[in-house]
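Student: model this:
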Amino acid sequence: MSLVDILPNEIFLNFLIFDLYDVYTLLQLNRVCKRFYNLSNNTLNQKSNHLLVTNKVSAKFCERCKPLLSSYKSKFITHCNWKYEVPYINYYLRDEFVIESIENMKSMKIKDICLKMTENTIWVYVKKKLIAFNRQKDGTFRGKISKFSNSQFSSIAYCNDIIISGHVDGSIRHWKIKSRNNINNIPQLKAHSNVYGEHVSNIEATPQHNISSFSNLIKIQKNSLADDNSAEEDDPIYRGKKLIHSISLDPTGTKVAASAEKSLLIYDIITNCKEMDECINNNTCSQLLWQDPHTILMLYKQQVKKLDIRTPKFVRTLDASVLDSDYELYSFSTDYLYTIITGTNIGTVLLWDQRLNNYIHTYVIHLFSTNPVISVDFDSTHMYAILELEGLFKYSFEKTNYDCAKRKKYFNNFV
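Tutor: A predicted model of the protein is given here:
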């Protein structure tokens, strides 16, 4: 009997003996014997939880993931596909919504067209049209459903399988896909009118509340389909002198953050009090994403900054200006763990790892430099982006046919 047979499993695990091996070596070790198979799999599962675009870590990210990565093998392969662009699949939707919108997009503002991803649906609004694409398990679209509104869309949120939209006439409306006699449609469930005098520039939603902003105001209403006038009667929770650019809810749905000119506001919805209103940067943040209860991601013209609200100080800066001084960031999305994706002004999307300062990969969606990516979202295996002059694109990253040579090339880089 060898010394390896005598030592208990705790020695291998607690002293991190197996953790020192790279992934390719661990994959070889799990073929040696049943004991090494269990030990290596335990280590591989732990390592796979630290990869890019993994899920089952953030519930908020899982809400929009169609395929759930259940094994370390699928996680490592999907990570490689994102990082090294294997495979590269560009799916272009040439349908009437794209053709119709191309003529108008040159004069559009950023929020005149936007997408929202859920587990089963991709929602897109263009001017007065709300469009839903049903996603199958492999990410392909099963069909398109359209609905016209009598008022132009200006913002969109999703909660409990219902889309809540803000409009240029100041109204907030609720929508949901319904199927009757095999015909899908998107009926309007309710409209709160006269919430603001002008357009609702940003909107977020929890099961209890709708949080929306216009100009220098932030307002909270009950998120209810009941016929009441509470939306019209509530007073703003914030009224300032600066323009509100973006709002975002924390993962618990109890606080809202808002970016104004060179400053950040945080408001506690439950206690009904303001927690922060400080100037934190000389530049203005165009978009907020609240990553976890303590950190907020802030999109600037050429940077993504990570703010720790307990300090409050920036603890990480992802700088796109190192690529090109003319680079501008138009949109971004996160998996609420390590991965950030940013859309740029020149038809590209950048993949970032928050643990590193430099970008990981560039996806060239369009070759024309005057075609910004104005909205982007992703799950564990797919990325969707809207280009200002072209419409909606889809990337897929779930190819799994790796031969031995490719497995060794990619997996021996993981330690």
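
Student: helices or strands up against the helix or strand harbouring residue 332?
Tutor: Under the criterion DSSP states H and E, the helix or strand holding residue 332 is strand 329-334. When contacts are defined as 3 or more C-beta pairs under 8 Å, 6 or more residues apart in numbering; DSSP states H and E, strand 329-334 packs onto strand 287-292, strand 295-299, strand 303-308, strand 339-344, strand 373-378. Yep, even glycine has a C-beta here, placed from its N, CA and C like the rest.

Student: could I get these as a markdown table with mean pLDDT and distance to residue 52?
Tutor: Output for the helices and strands packed on strand 329-334, formatted as a markdown table (pLDDT from 0 to 100; distance: least, C-beta to C-beta, whole Å):
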| stretch | mean pLDDT | distance to residue 52 |
| --- | --- | --- |
| strand 287-292 | 94 | 15 |
| strand 295-299 | 96 | 16 |
| strand 303-308 | 95 | 15 |
| strand 339-344 | 95 | 5 |
| strand 373-378 | 92 | 11 |
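
Student: mind putting the ones you listed into CSV with mean neighbour count?
Tutor: Converted to CSV, those look like this (neighbours: other C-beta atoms under 10 Å):
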stretch, mean neighbour count
strand 287-292, 21
strand 295-299, 23
strand 303-308, 19
strand 339-344, 25
strand 373-378, 25
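
Student: which one of those strands lies closest to residue 361?
Tutor: strand 339-344 (9.9 Å; C-beta to C-beta).

Student: okay, that closest one in CSV with CA atoms only?
Tutor: Taking only C-alpha atoms (Å, rounded to 0.1, in the frame of the first residue of the first chain), the coordinates of strand 339-344 have been written out as CSV:
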residue,chain,number,x,y,z
THR,A,339,-18.0,39.8,-15.9
ILE,A,340,-18.8,43.2,-17.5
ILE,A,341,-19.7,43.8,-21.2
THR,A,342,-19.6,47.3,-22.6
GLY,A,343,-20.9,48.6,-26.0
THR,A,344,-18.8,51.2,-27.7
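
Student: which strands or helices does whichever helix or strand comes after that strand pack on?
Tutor: Using DSSP H and E, the helix or strand that follows strand 339-344 in sequence is strand 348-353. Judged by 3+ C-beta pairs under 8 Å, 6+ apart, strand 348-353 is in contact with strand 339-344, strand 359-364, strand 373-378.

Student: centre of the chain to the host helix or strand of residue 165, how far?
Tutor: Using DSSP H and E, residue 165 sits in strand 162-167. Computed by C-alpha atoms, centre = their mean, to the nearest Å, the chain-centroid distance of strand 162-167 equals 18 Å.

Student: next up, the contacts around residue 66.
Tutor: 119, 120, 135, 136, 137, 139, 379, 381, 382 (C-beta atoms under 8 Å, 6 or more residues apart in numbering).

Student: can we see that at 10 Å?
Tutor: Residues near residue 66 by C-beta atoms under 10 Å, 6 or more residues apart in numbering: 117-121, 135-139, 379-382, 398.

Student: repeat for residue 138
Tutor: Contacts of residue 138 by C-beta under 10 Å, 6+ apart are 66, 67, 381, 382, 396, 398.

Student: spatially nearest residue to the second one, not counting backbone neighbours?
Tutor: Spelled out, it's residue 67. Of all residues not flanking residue 67 in the chain, residue 381 sits nearest, at 5.3 Å (C-beta to C-beta, 6 or more residues apart in numbering).

Student: check the gap between the one you found and residue 74 for me.
Tutor: 9 Å (C-beta to C-beta, to the nearest Å).

Student: common neighbours of these two, please.
Tutor: What both residue 381 and residue 74 touch, as defined by C-beta under 10 Å, 6+ apart, is the set 67, 68, 398.

Student: if you drop the residues flanking it in sequence, what lies closest to the second one?
Tutor: This points to residue 68. Nearest to residue 68 is residue 55, by C-beta to C-beta, 6+ apart, at 6.1 Å.

Student: verify the stated contact: the one you found with residue 338.
Tutor: No: the pair residue 55 and residue 338 does not pass the contact test of C-beta atoms under 10 Å, sitting 11.7 Å apart.

Student: the more surrounded of these two?
Tutor: Comparing residue 55 with residue 338 by other C-beta atoms under 10 Å, the one with more neighbours is residue 55, at 23 against 17.

Student: for this structure, give me the ranges with low pLDDT.
Tutor: For the chain, applying pLDDT under 70 flags the ranges 1-20, 86-111, 180-183, 194, 197, 225-234, 367-369, 399-415.

Student: any idea how far residue 85 is from the one residue sitting closest to the centre of it?
Tutor: The centroid of the chain falls nearest to residue 333 when counting by C-alpha atoms, centre = their mean (3.5 Å). Between residue 333 and residue 85 the computed distance is 18 Å (C-beta to C-beta).

Student: which stretches in the stretch 151-300 of the chain count as helices?
Tutor: Secondary structure of the stretch 151-300 of the chain, counting by DSSP state H, counting those that start in this stretch: helices at 230-233.

Student: re the thing from before, wait, which of the contacts of residue 138 is closest to residue 273?
Tutor: residue 66 (39.1 Å).

Student: thanks a lot, see you next time.
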